[in-house]
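[1] Here is my input; please provide its structure:
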Amino acid sequence: MPAQSDDMVYAQLRAAIVSGELLPEQRLVEADLCARLRTSRGMVRAVLLRLEHEGLVVREPYRGAHVRSIGEREGVQITEARAVLEGLAARHAAIAATDHDLSAIQAIHAEMGPQVERGDLWAYLDANRRLHACIVEACGHATAQRLLDVLNAQLVRFQYRTIFLAPGRAQQSLDEHTDLVEALVQRDPDRAEAAMTRHLGNVAMTLHVVGARDPIVTGGAG
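    A predicted model of the protein is given here:
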């Protein structure tokens, strides 16, 4: 089997962290990673360094590496930064999105109402993630896309519990997404940016309230 490149090993390990397959605080033992990724210790160390710079891994002298966990305060701050960048992405998407992009966004949004009605909140959270990703992909703003990729990689490992623990949050989130999608379809950049910023601002506020009530629970979706 041909040796894997640095980028291939990086992509595999990053995906395992971002997906939650490797959990926050889980130790990343070099020998185990070499066997898992079929590569050398030198390449594993180089990849861990890249992931450390990205904020996904912590390396400590004499203790090795582990997956970095995100606390409530940092989670709120990341979400606030997302609000600014995704607001910008929504503004650009309202202008640059193709008809195909808008149809895809509307199709995802159409799934969300029935999911809230039947209480299928895990499905709703998946649709929420796909909707945001579709908007960012349609915006055509490469810098915002690159920065959001880093921020979202850190947040995706959260428990996604604001929807579950904040009474009424699911319906509120659905209403916010409805306003956002309507603005995009009408190609109204001011309204789209305001809707996205307001939506993620509410996510940050909910995350703060839930985290203050139960510091063990740290996580946020939309």
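[2] so what's the closest residue in space to residue 31 that isn't next to it in sequence up against?
    Using C-beta to C-beta, 6 or more residues apart in numbering and skipping residues adjacent in sequence, the residue nearest residue 31 is residue 41, 7.8 Å away. Quick note: C-beta positions are derived from backbone N, CA and C, even for glycine. With contacts defined as C-beta atoms under 8 Å, 6 or more residues apart in numbering, residue 41 is in contact with 30-31, 34.
[3] which regions of this protein sit below the pLDDT cut-off?
    1-3, 156-165, 211-222 (pLDDT under 70).
[4] hang on, the earlier thing: any idea how far residue 34 is from the residue nearest to residue 31?
    6 Å (C-beta to C-beta, to the nearest Å).
[5] ditto for residue 64
    13 Å.
[6] And residue 22, by the same measure?
    15 Å.
[7] got it, and residue 23?
    20 Å.
[8] repeat for residue 152
    Residue 152 is 28 Å from residue 34, by C-beta to C-beta.
[9] Give me the nearest residue to the spatially most central residue of the chain, chain neighbours excluded.
    Nearest to the geometric centre of the chain sits residue 152, at 3.1 Å (C-alpha atoms, centre = their mean). Nearest residue to residue 152, sequence neighbours excluded (C-beta to C-beta, 6+ apart): residue 82, at 7.3 Å.
[10] what does residue 26 give?
    residue 67 (4.9 Å).
[11] Around that neighbour, how many other residues sit close by?
    19 (other C-beta atoms under 10 Å).
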